[in-house]
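**Student:** just the structure for this:
(chains A and B)
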Number of protein chains: 2
Amino acid sequence: MKDPCKNSALLTDLYEITMAGAYYRCKKFGPATFSLFIRKYPPNRGYFVSAGLEDVLEFLESFHFIQADLDYLHSTGLFSQDFLHYLSGLQFTGHVFAIPEGRIFFKDEPILEITAPIIEAQLVESLVINFINLQVSIATKASRCVYAARGRSLVDFSLRRTQGADAALKVARSSYIAGFIGTSNVLAGKHYNLPIFGTMAHSFITSFDEETDAFRAFAETFPDNVVLLIDTFDTISGARKAVDVAKEMLSKGQKLKGVRLDSGDMAVLSRDVRAIFRRAGFKDVSIFASGGFDEFKVADVLERGGEIDAFGIGTKMGVSADGPYTDIAYKLVQYDGRPVLKLSTGKKTLVAEKQVFRIKQGDRLLRDIIGLRNEKTDGSPLLKTVMKNGKRQNPSESLEIIRERFQKEFNALDDDFKTLKNPKLFPVEISCGLEKLQNQVIHEVMEKELGES
Amino acid sequence: MKDPCKNSALLTDLYEITMAGAYYRCKKFGPATFSLFIRKYPPNRGYFVSAGLEDVLEFLESFHFIQADLDYLHSTGLFSQDFLHYLSGLQFTGHVFAIPEGRIFFKDEPILEITAPIIEAQLVESLVINFINLQVSIATKASRCVYAARGRSLVDFSLRRTQGADAALKVARSSYIAGFIGTSNVLAGKHYNLPIFGTMAHSFITSFDEETDAFRAFAETFPDNVVLLIDTFDTISGARKAVDVAKEMLSKGQKLKGVRLDSGDMAVLSRDVRAIFRRAGFKDVSIFASGGFDEFKVADVLERGGEIDAFGIGTKMGVSADGPYTDIAYKLVQYDGRPVLKLSTGKKTLVAEKQVFRIKQGDRLLRDIIGLRNEKTDGSPLLKTVMKNGKRQNPSESLEIIRERFQKEFNALDDDFKTLKNPKLFPVEISCGLEKLQNQVIHEVMEKELGES
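**Tutor:** Numbering: from 1, shown residues only, chains lettered A, B, ... in the order given. Modelled structure (predicted):
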């Protein structure tokens, strides 16, 4: 199924096209390798979760300019007819070497490297960064929520406040990869085949003359799927009314599935609500909590003894509120066989085609080495060839497989690197071969461009 | 032109559809009024800029379920055939009363109120919130950048790190409303008819054997549009090479338009670069700065004497990094003629159909009053009927008109309310009529639901 937000070759920065125009005029068609990596961790992060590669591959495989795009480019007056004609036949014919979705990776490590004729590799920059930046940010944030919830179920509730419709879909997918059990987002459920969840909002309650009438109306409509929202007026009084409805349901052979709390001190309220249901003989009514949750609030409520079975996690996960972007970059590291880099202050890049080697002890992740693509070193390689000459090497992976891959590797990462605040930094080394080449290129560039030696 | 991210009726939370199912079963088809408002300011904000209404109206006007949507809903096993048949013929037939785009508004004020048969008004909730939340967040953030730049030009550079493709388009539009002069996003340029900007990235420079070769290649390809990126290796040495190229261009009757700085201390570097060009006789070469700018960094660089003519403002504006969402809510305030509210802790709502009255002194904004829709009070009303019985009352407004409207009202807002840190709170009062009705409804609800009087 196609992504509902149709990919467009024009969804790019103008400079990608002007650069392409200049490459074209200079007849620069040599192979370029660009490397995508994240320079630093957002606050309190000590790892990243790989996500977004599927969209990258789908985009690259279908990359082309339609006539309306070319007409628009022509209308800007910037480009020659020759160049626009060249663009009309352009496809992506390069290779992609990448970390599969669902794996853990660390800062400075290449997430993917694209090797293609420079015009192709350049034109796709903006959208490749966009896909990976968002989905890595969200999968990472969501994994922190999963970690904080210690086994409780989490559902994505973020649709209403994600940054746009496209983000809403990608958040549902990324959070599912990280271990959420599903989403409230119906289109995401349809599009990605995810479990969907949801019952009622406060408006449903207040539209009835009385709260109990609303509870009953819902129970009569969906007897197998009743989770009553009980905080519209007062959570405790709402819980008592929910008990009444649970009894009415029982008399008809039906069962109240759960209640939802959406405001107040949920550590305290959830215990009180649990006690009210227990005393009434309802021992297995689920308590669902929502309202401003992120990993910190989940951890806090559970530490203070909250008796909550599942959380709806909304906005703060859906926009990765405390880290709404990463310092991600897509940098030219090799052109026509020559390793290259820039020296801009605070923004150095690692030259050449690379690989990440992961060293484990049993299942435990010990350390990574960033090395040259074909270097012999310890550890097992993380990046794989996923596209060759513009063709995917394998069909799309199922979300279930990606999700299991994540869970397995996340379990293998020590808690020290996963603590919610100030995690320990995972050791990532630079290989001898890469270090040597890097220093050599820096030396050459400084000599050539700055006259220093 | 249609939004490239196609609106779908399934882009909603599941609970909207289950509630609709229960309303349908109870034959609840009465008119409901929902009010959209923001409960508090994100950090350091003291006002909001209205944006996103155009998308809301387009969505409502075309709202319908397609057969594939209904098939999917059927496959969930949750809904009756009767109800799905009802949905198949559903359109939005309600009224929308809203603040026009480009106006300033404040917390607690209704941004829009929708009155429609409750099922219709309920089903559109998630996406209406999503449209307004994102675009208000971005327009507000962008307006702060414009304020900080004191007349310098700003260009949206955020595409690569916005939260998705849809957000990238909306950020370009919202920042243009707030006074940006254009965007690097080519599709946004095409879609919204915005000026587009861009020349080259570091990869362009490093793909050539020498920096000067790259400068020359670009100048030869686009002689009328040359802005050279000079920080790839060292900004000062890059500026000297740019002077060489400017001289070569001059000898051909061409003119170097500008240079771009993307790293380092840009207050200092921009002065040094300016001096280098002045000494070489190039007095009107523009200095363009980019790299991690937001309103705070713009203000800082200008306060420290940066000689910068234009800024590229990227990620931090494009995700509204220090306030990536608002505490926005869409609440039922009236059902079938009866004013309603919820009492949930910390989440009270203002009942009934409302209007905002703006009181000015000359052009200066003095204070606002939130009142009942038809109340007689001072001030001129802010919300207008923009849709009636599902039909727009007017054609789409041009971005130029919205942008001018913003500029005019922003100028009329005192600096105290616009300072970047801890702005003064603009006075917003509740009218006598609304206050009285509000207290009366709270009293009635507490009596009825909690047995308190």
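**Student:** can you list the weak-confidence ranges in the stretch 351-453 of chain A?
**Tutor:** Along the stretch 351-453 of chain A, the parts satisfying pLDDT under 70 run over A:453.
**Student:** need the residues of it near chain B, please.
**Tutor:** Neighbours of chain B within the stretch 351-453 of chain A, by C-beta under 8 Å from any C-beta of the partner chain: A:445-446, A:448-450. C-beta: built from backbone N, CA, C; applies to glycine.
**Student:** which of those residues sits closest to chain B?
**Tutor:** Using C-beta to the nearest C-beta, A:Glu449 comes nearest to chain B of those, at 4.1 Å.
**Student:** which SS class is that closest one?
**Tutor:** Judged by DSSP: H, G, I helix; E, B strand; the rest coil, the three-state class of A:Glu449 is helix.
**Student:** excluding residues flanking it in the chain, which one is nearest it?
**Tutor:** Distances taken as C-beta to C-beta, 6 or more residues apart in numbering or on different chains place B:Phe233 nearest to A:Glu449, at 4.1 Å, with adjacent residues excluded.
**Student:** where exactly do the strands run in the stretch 1-150 of chain A?
**Tutor:** Assigned by DSSP state E, counting those that start in this stretch, the strands in the stretch 1-150 of chain A fall at A:31-38, A:48-49, A:95-98, A:104-105, A:112-117.
**Student:** of all those strands, which one is nearest A:Glu409?
**Tutor:** Evaluated over those, closeness to A:Glu409 peaks at strand A:104-105, with 5.0 Å, by C-beta to C-beta.
**Student:** what mean pLDDT does that closest one have?
**Tutor:** On average, the pLDDT along strand A:104-105 is 98.
**Student:** which residues does that strand contact?
**Tutor:** The contact list for strand A:104-105 (C-beta atoms under 8 Å, 6 or more residues apart in numbering or on different chains) reads A:47-50, A:99, A:111, A:356, A:365, A:382, A:406, A:409-410, A:413.
**Student:** list only buried entries from the residues you listed.
**Tutor:** Buried members of the contacts of strand A:104-105, scored by 16 or more other C-beta atoms under 10 Å in any protein chain shown, are A:47-50, A:99, A:111, A:356, A:365, A:382, A:406, A:409-410, A:413.
**Student:** so which of the residues you listed sit within helices?
**Tutor:** Of the buried ones among the contacts of strand A:104-105, the ones assigned to helices by DSSP state H are A:406, A:409-410.
**Student:** ok, back up a step: which among the residues of the stretch 351-453 of chain A next to chain B count as buried?
**Tutor:** Buried residues within those, counting neighbours by 16+ other C-beta under 10 Å: A:445, A:449.
**Student:** for the residues of the stretch 351-453 of chain A next to chain B, could you give me CSV that also reports distance to B:Val155?
**Tutor:** Shown next, in CSV, are these (distance: C-beta to C-beta, whole Å):
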residue, distance to B:Val155
A:Val445, 29
A:Met446, 32
A:Lys448, 32
A:Glu449, 28
A:Leu450, 30
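**Student:** what about A:His221, distance to A:Ile205?
**Tutor:** Careful, residue A:221 is Thr; it's not His. 14 Å (C-beta to C-beta, to the nearest Å).
**Student:** and the two? Which one has more around it.
**Tutor:** A:Ile205 (27 against 21; other C-beta atoms under 10 Å in any protein chain shown).
**Student:** how near is the more buried one to A:Lys255?
**Tutor:** The spacing between A:Ile205 and A:Lys255, counted by C-beta to C-beta, is 21 Å.
**Student:** quick one: the residue nearest in space to the middle of chain A and chain B, what's the gap?
**Tutor:** For chain A, the residue whose C-alpha lies nearest the mean C-alpha position (C-alpha atoms, centre = their mean) is A:Gln135; its distance is 2.4 Å. Counting by C-beta to the nearest C-beta, to the nearest Å, the gap from A:Gln135 to chain B is 9 Å.
**Student:** now do A:Phe218
**Tutor:** Computed as C-beta to the nearest C-beta, the A:Phe218 to chain B distance reads 5 Å.
**Student:** list the contacts for that residue?
**Tutor:** With C-beta under 8 Å, 6+ apart, A:Phe218 has these contacts: A:199-200, A:204, A:226, A:228, B:18, B:22.
**Student:** in strands, which of the residues you listed appear?
**Tutor:** Secondary structure from DSSP state E places A:Leu228 of the contacts of A:Phe218 in strands.
**Student:** in helices, which of the contacts of A:Phe218 appear?
**Tutor:** A:204, B:18, B:22.
**Student:** which one of those residues is nearest B:Met387?
**Tutor:** A:Phe204 (24.0 Å).
**Student:** beyond the longest helix along chain A, next helix or strand please.
**Tutor:** Using DSSP H to define each element, chain A has its longest helix at helix A:125-149. Next helix or strand after helix A:125-149 toward the C-terminus (DSSP states H and E): strand A:153-156.
**Student:** which neighbouring elements make contact with the helix or strand just after that next one?
**Tutor:** Counting by DSSP H and E, the next helix or strand C-terminal to strand A:153-156 is helix A:165-177. Counting contacts by 3 or more C-beta pairs under 8 Å, 6 or more residues apart in numbering or on different chains; DSSP states H and E, helix A:165-177 packs against helix A:125-149, strand A:153-156, strand A:182-183, helix A:186-192, helix A:315-318, helix A:399-411, helix B:125-149, helix B:165-177.
**Student:** just the ones you listed: most buried one?
**Tutor:** Comparing the helices and strands packed on helix A:165-177 on average neighbours per residue, with mean count of other C-beta atoms under 10 Å in any protein chain shown, the densest one is helix B:165-177 at a mean of 29.
**Student:** so where is the stretch 1-150 of chain A shaky, pLDDT-wise?
**Tutor:** In the predicted model, the stretch 1-150 of chain A carries pLDDT under 70 at residues A:1-7.
**Student:** okay, the residue of the stretch 101-250 of chain A found nearest chain B: pLDDT?
**Tutor:** Across the stretch 101-250 of chain A, the shortest distance to chain B (C-beta to the nearest C-beta) belongs to A:Gly198, at 3.1 Å. Listed pLDDT for A:Gly198 reads 95.
**Student:** list the contacts for it?
**Tutor:** By C-beta under 8 Å, 6+ apart, the contact list for A:Gly198 reads A:184, B:13-18.
**Student:** next one: A:Lys40
**Tutor:** Counting by C-beta under 8 Å, 6+ apart, A:Lys40 touches A:107, A:327.
**Student:** before we move on, back to that, need the helices and strands packed on helix A:165-177 in CSV (columns: distance to B:Phe277).
**Tutor:** Below are the helices and strands packed on helix A:165-177 laid out as CSV (distance: least, C-beta to C-beta, whole Å):
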stretch, distance to B:Phe277
helix A:125-149, 29
strand A:153-156, 52
strand A:182-183, 54
helix A:186-192, 52
helix A:315-318, 46
helix A:399-411, 52
helix B:125-149, 21
helix B:165-177, 29
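**Student:** mind giving me the domain ranges of chain A?
**Tutor:** Per automatic domain parsing, the structural domains of chain A span A:14-138+A:325-450, A:141-318.
**Student:** of all those, which lies closest to B:Thr326?
**Tutor:** domain A:141-318 (7.8 Å).
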